[in-house]
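[1] Can you look at this prediction? I've put the sequence above it.
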Amino acid sequence: MGHLYDRLCEFENLCLAFHAARKGKRGQENVAAFERRLEPELFALQDELRNQTYNPGEYRSFYRTESKRRKISAAPFRDRVVHHALMQVIEPLFERRFIFDSYANRIGKGTHRALDRCTHFLRGSAYSLQCDARQFFPSIDHDILYAQLARTINDETALELIQRILKTGVGVLDSEYDMRWFDGDDLWACNRPRGLPIGNLTSQFWANVYLNPLDQFVKHELKCRRYLRYVDDFLLFADDKATLRAWQQAVIAFLADLRLTIHEESAQIRPVSEGLPFLGFVMFPDHRRLKPRCGYAFRRRIRHQVREYEAGRLTQDDVTSSIKGWVAHAEHGDTYGLRSTVLAQVVL
């Protein structure tokens, strides 16, 4: 075993991983059952990891339709503890390699800082180009991802664990993927292992690893100074359309090497004064508006939660917490009137 894997297996690391995995989920029965037998569970995990007999369990999949229909795949709780333990030792190796303007699933970044950075770039630009990858998580190619990870992680045992976790995701998102062929593909390309389960901590982090070459290409090869990315949604800014058109074609060609494509029909170059849809808001240089569908989705969710509260299946604190979370997000836009209208309709 390598030094990195030894650190992963340390009991203190597993304890920290348990607390991280439990955060916000203490009310779930599988979490409570694990916690009731915390020490035996962690020692059992430690033995399995040290003896390299650990095998991940099966995912439980379901769909969410809050903004768009997504298949979420939840790993068993003990596997989520392992995911956190792994991330705690490998994430620092990659963090210093990421660009400043990658904002998803990183400490000190997040949605609201991405919105603020977008505003900053809008104020200094004439035009914007927004791109997003088509079927991003279902399309992530395991061989390409593993090669990226192996270039940084110098520990064979840790890489074997990563390979084991990757294999559990094969086929989970097949129903969400439409086969696309790239130059040089043979007939067996359709059998390439692909897909990262949406919902895994590892998937969120590995998405940043997978698109880090794109970030480096845009910043250092294309010399785009005003660029930011949130998961697979990325923005480029410039003062003329011709530059953005050239960058768009270069990005499409680069992503083909990662076996990814973008939604070209929606990747439009537009003046910043027209507004830029990004992370639930429509962004302008001097203000931002919440997308209407986000307001409608919240109203539907609150009506459902009020019914659950009246039926005794949710507490008042549950509903209040949900409202506070939405208000905290909506406050990052010019939404005073919307917030007042929506909250006036909530009666507990």
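    Ah, there it is.

[2] which residues of the stretch 201-348 of the chain fall in helices?
    In the stretch 201-348 of the chain, the helices defined using DSSP state H, counting those that start in this stretch lie at 201-216, 241-256, 292-310, 316-330, 336-344.

[3] Could you look over these and pick the most buried one?
    Of all those, helix 201-216 carries the top mean neighbour count, a mean of 20, counting by mean count of other CB atoms under 10 Å. To be clear about C-beta, it is placed using only N, CA and C from the backbone, and glycine gets the same treatment.

[4] Which one of the helices of the stretch 201-348 of the chain lies nearest to Asn154?
    Nearest to Asn154, of all these, is helix 201-216, at 15.4 Å by CB to CB.

[5] so what does that closest one touch, helix or strand wise?
    helix 77-95, helix 136-139, helix 142-150, strand 227-230, helix 241-256 (3 or more CB pairs under 8 Å, 6 or more residues apart in numbering; DSSP states H and E).

[6] circling back to that earlier point, can I get the helices of the stretch 201-348 of the chain in JSON lines including mean pLDDT and distance to Val81?
    Formatted as JSON lines, the helices of the stretch 201-348 of the chain follow (pLDDT from 0 to 100; distance: least, CB to CB, whole Å):
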{"stretch": "helix 201-216", "mean pLDDT": "96", "distance to Val81": "10"}
{"stretch": "helix 241-256", "mean pLDDT": "98", "distance to Val81": "34"}
{"stretch": "helix 292-310", "mean pLDDT": "74", "distance to Val81": "29"}
{"stretch": "helix 316-330", "mean pLDDT": "74", "distance to Val81": "25"}
{"stretch": "helix 336-344", "mean pLDDT": "64", "distance to Val81": "38"}
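
[7] Which one of those lies nearest to Cys190?
    So among these, helix 241-256 is nearest, using CB to CB, at 16.5 Å.

[8] Now do the closest one: everything it contacts.
    Residues outside helix 241-256 that contact it (CB atoms under 8 Å, 6 or more residues apart in numbering) are 127-129, 131, 133, 182-183, 213-214, 217-218, 221-222, 224, 236, 238, 261-262, 264, 267, 269.

[9] For the stretch 1-150 of the chain, give me the ranges with low pLDDT.
    By pLDDT under 70, the low-scoring segments of the stretch 1-150 of the chain are 1, 66-67.

[10] residue boundaries of the helices in it?
    According to DSSP H, counting those that start in this stretch, the helices that the stretch 1-150 of the chain contains are 3-9, 11-22, 29-36, 38-50, 77-95, 111-123, 136-139, 142-150.

[11] For the contacts of helix 241-256, which PyMOL command selects only the ones that are buried?
    The PyMOL command for the buried members of these (criterion: 16 or more other CB atoms under 10 Å) is given here:
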select buried, resi 127+128+129+131+133+214+217+218+222+224+236+238+261+262+267+269
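
[12] Identify the spatial nearest neighbour of Cys15, chain neighbours not counted.
    Spatial nearest neighbour of Cys15, chain neighbours left out: Leu42 (6.6 Å); criterion: CB to CB, 6 or more residues apart in numbering.

[13] wouldn't that neighbour be in contact with Leu16 here?
    No: here Leu42 lies out of contact with Leu16, judged by CB atoms under 8 Å, at a distance of 10.7 Å.

[14] Which one of those two is surrounded by more residues?
    Between Leu42 and Leu16, counted using other CB atoms under 10 Å, the more crowded position is Leu42 (19 against 15).

[15] Spatially, what comes nearest to the spatially most central residue of the chain if we skip its sequence neighbours?
    Most central in the chain under CA atoms, centre = their mean is Gln204, positioned 4.1 Å from the mean C-alpha point. Nearest residue to Gln204, sequence neighbours excluded (CB to CB, 6+ apart): Asn105, at 4.2 Å.

[16] Of the helices of the stretch 1-150 of the chain, which is nearest Tyr309?
    helix 29-36 (20.6 Å).

[17] List the contacts of the residue nearest to Gln204.
    Contacts of Asn105 by CB under 8 Å, 6+ apart are Gln204, Phe205, Ala207, Asn208, Val231.
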